[in-house]
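> A predicted structure for the sequence below; I have some questions about it.
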Amino acid sequence: MSDTLRVLWTLVPQRAPQPWLHCSHCGDSRPFESSTKFRLNANGKRLDAWLIYHCTACSQTWNRPLLERRPAAAVDPQLLAALQQNDPHLARHLAFDIEDLRRRSARIEVFAEALVRRETLCICGTEPRRLEIDFAVATPLRLRLDRLLAAELGVTRSRLHRLQNSGRLVLSAPGSRWLRKPPQDGWRICLDLSEERDREAIATAARRSQ
Ligand SMILES: [Zn+2]
């Protein structure tokens, strides 16, 4: 289409997911939060390493296993240095590794707070009549798509639902009630702006860099 604005929105979560675990001090299941600190233990030629979590209610620790009885010679020296220095980038990366967390806990709490990084992929014409938004979502978020779109595009949620009901707001993937669900990696929404008087404002909001 010659009058389409296509943008990529990368959603960057601001709070790491929290595993729910049994806290021996509280005597109940509690969400645990990463301390961003590592614990490293050398036993002969073998290494153990953990990322330290704290119970959010009482600060009881949980050591999340990273390396278990690993031969020291087999550990990447850069990884070892990062663990020894409590490298914050490594700690953040691991804290957001939800697949590994799922192996440790049946219940993972995820949060809604996300930064939206915008990138314009294609702008054709001076006044776009169609807006396409691609989503890149590396870590799951507990964030409804209609809330996100309303906040980021400056439109009401009821208007978004009206647009969807009239077929002018569509999702590339199959499914129902998707406006109420968290956006998924690879989703694309298409919004027909041809009848929207404020289409310029919406298009500007869609590509505004933060
Ligand atoms: Zn506790």
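Sure thing, it's come through. Numbers count the residues shown, from 1 in each chain.

> Which strand or helix spans Leu115?
strand 114-123 (DSSP states H and E).

> Just checking the distance from that strand to the centre of its chain.
Remark: strand 114-123 is offset 15 Å from the chain centroid, using CA atoms, centre = their mean, to the nearest Å.

> helices or strands up against that strand?
strand 4-13, helix 145-153, helix 199-207 (3 or more CB pairs under 8 Å, 6 or more residues apart in numbering; DSSP states H and E). Just so you know, the C-beta spots here come from the backbone N, C-alpha and C atoms, and that holds for glycine as well.

> which is the next helix or strand following the second one?
Sequence-wise, the next helix or strand beyond helix 145-153 is helix 157-165, with elements assigned using DSSP H and E.

> sorry, back to before: do you know which of the helices and strands packed on strand 114-123 lies nearest the ion?
strand 4-13 (24.0 Å; CB to the ion).

> Need the residues that contact the closest one.
Residues outside strand 4-13 that contact it (CB atoms under 8 Å, 6 or more residues apart in numbering): 96, 110-111, 113-125, 128-137, 139, 141, 143, 148, 152, 183, 203, 206-207.

> Measure how it sits relative to helix 199-207, angle-wise.
40 degrees (axes from the mean of the first three to the mean of the last three CA atoms, to 10 degrees).

> Show me what counts as buried in the lengthiest strand in the chain.
Criterion DSSP state E: the longest strand present in the chain is strand 28-43. Applying a neighbour-count criterion of 16 or more other CB atoms under 10 Å, the buried positions in strand 28-43 are Arg30, Pro31, Phe32, Glu33, Ser34, Ser35, Thr36, Phe38, Arg39.
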